[in-house]
Each structure stands twice: as structure tokens, then as C-alpha cells.
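S.K.: just the structure for this:
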Amino acid sequence: MAKNYLLIYSEQLATDIELLCQTIKAPFNTLFQIRKSSSSVYANIREANYGQSKADMLSKFEIALKECSETEGWLQLLFNTNGIVEETYKYYRNLCGRIRRMLIASCKTLKEDAL
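M.R.: Now for the predicted structure:
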């Protein structure tokens, strides 16, 4: 069975962000929001794997894409306010970018299949 790298990377993102939030000092709201958005990426990708239709799957992937962008925004804020160092920021930004590109490709494929 082929590995589902989108699911693997999104689980890694949610897990790593949770662990990161347990170790850094940042405003409660920032930590709450980045936990929420990163875990939503993972949850929506998991849900998409059991979508009721291709349209449902596409909807879940599009939500995950928005949440991935939000996660990148919170990471940028943490970096800008010295909550995380540049190396940490780049690691998570690259992981989000990898997930984002895979989601964009998946959404494109689902839309082309619908035509």
C-alpha cells in the first residue's frame, strides 16, 4: 500500500506544533490559534480520506489549505516577535509549504476529474 505523505506530513505538523507550544513562551491566544490551525490541517486531511464524494473531499482539502496558510501566518508572527528562532521558523515554514503544495495539486486533480 502506498504511503499517504499528505497525511504523514500533516500529522507531523500538528504533533510538532503541539510539542513546540509546550516549550515556548508566547501569548496564550497565539499558542491557542496555531494549535487550532495546525491540528485542523491534519483533521481535515484525515476526513478527506473518507469523504462522501469527490466534492466533499475537495471541500476538506480546501479547508486544510486555508488552515495551512493560517498556520504559516502564526509561525511568521511567532518569529517576528522572537517566540521562535529562525531555524525553527524555517523548518515549520518548509513543512507547511510542502503540505500546501500537495494540497494545491490534490485540489487541482479533483477539480479536473469533476469536468
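
S.K.: how many residues are close by residue 112?
M.R.: Neighbourhood size, residue 112 [other CB atoms under 10 Å]: 8. From N, CA and C alone the C-beta is placed, and that goes for glycine too.

S.K.: cool, and residue 80?
M.R.: Residues lying near residue 80 (other CB under 10 Å) number 10.

S.K.: quick check: pLDDT value at it.
M.R.: What the model reports for residue 80 is a pLDDT of 97.

S.K.: who touches it in this structure?
M.R.: Contacts for residue 80 (CB atoms under 8 Å, 6 or more residues apart in numbering) come out as none.

S.K.: how far away is it from residue 30?
M.R.: Separation of residue 80 from residue 30 (CB to CB, to the nearest Å): 11 Å.

S.K.: how about residue 99?
M.R.: Counting by CB to CB, the gap from residue 99 to residue 30 is 20 Å.

S.K.: looking at the two, which is more packed in?
M.R.: Neighbour count, other CB under 10 Å: between residue 99 and residue 30, residue 99 has more, with 28 against 16.

S.K.: list phi and psi for that one.
M.R.: phi -60, psi -40 (degrees, to the nearest 10).

S.K.: would you confirm that it contacts residue 7?
M.R.: No: look at residue 99 against residue 7 with CB atoms under 8 Å: they stay out of range, at 10.0 Å.

S.K.: which ones are touching residue 60?
M.R.: Applying CB under 8 Å, 6+ apart, the residues contacting residue 60 are 44-45, 47-48, 51.

S.K.: now with 10 Å?
M.R.: 43-51, 103 (CB atoms under 10 Å, 6 or more residues apart in numbering).

S.K.: equivalent analysis for residue 97, please.
M.R.: Here residue 97 is in contact with 68, 72 (CB under 10 Å, 6+ apart).

S.K.: with residue 86 instead?
M.R.: Applying CB under 10 Å, 6+ apart, one finds that residue 86 lies in contact with 79, 93.

S.K.: same check, this time on residue 100
M.R.: By CB under 10 Å, 6+ apart, the neighbours of residue 100 are 41, 64-65, 68-69, 71-72.

S.K.: of those, closest to residue 94?
M.R.: If you rank the contacts of residue 100 by distance to residue 94 using CB to CB, residue 72 comes first, at 10.3 Å.
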